[in-house]
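S.K.: Dropping the sequence and predicted coords here.
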Amino acid sequence: MNLLQNQPNPLLHVFVCVNDRTLKNKQQKQNNPSYQCMESCGQTITKETVKEVKSWIMQNSLTHKVLITKTKCLGVCPKTGGVIVIYGSKNKQTQKGIWHTNIKNKKDIITAIKKQLF
């Protein structure tokens, strides 16, 4: 194992849940009609949404300040919308992670990033 020599050092690292349980819920429901379907972020926030936010980051010359990563389940599944968590070096709050739930679209993610940057 080697360490990356020029490691990125962004102010913020944003983790975006894109986990989608739609197919799994459908299969479980077919096997067990009383199965309670589980919510998932991927029904609202998709991989395409993350690509759009990455494009916004590049267009605004923030690639050295903001790193964004799509993830599977972060363990917090709201009834509506998605979940993101923002970690950063800017202050103690972001060092511990700031969680946002009920994320509905690209605009919500960008608003959360702007709130921490500016």
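M.R.: Structure's in. What do you need? Numbers count the residues shown, from 1 in each chain.
S.K.: Report the distance from stretch 32-50 to the chain centre.
M.R.: When C-alpha coordinates are averaged (CA atoms, centre = their mean, to the nearest Å), stretch 32-50 and its chain have centres 14 Å apart.
S.K.: which residues touch it?
M.R.: The set of residues that contact stretch 32-50 without belonging to it, under CB atoms under 8 Å, 6 or more residues apart in numbering, is 16-22, 24-25, 28-29, 68, 70, 73-74, 77-84, 103-106, 109. Backbone N, C-alpha and C define where each C-beta goes, glycine included.
S.K.: so where do the strands sit in this structure?
M.R.: 12-17, 66-71, 82-88, 98-103 (DSSP state E).
S.K.: Using TSV, please lay out those together with distance to L4 and mean neighbour count.
M.R.: Supplementary listing: those in TSV, determined by distance: least, CB to CB, whole Å; neighbours: other CB atoms under 10 Å:
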stretch	distance to L4	mean neighbour count
strand 12-17	15	22
strand 66-71	13	18
strand 82-88	18	23
strand 98-103	26	17
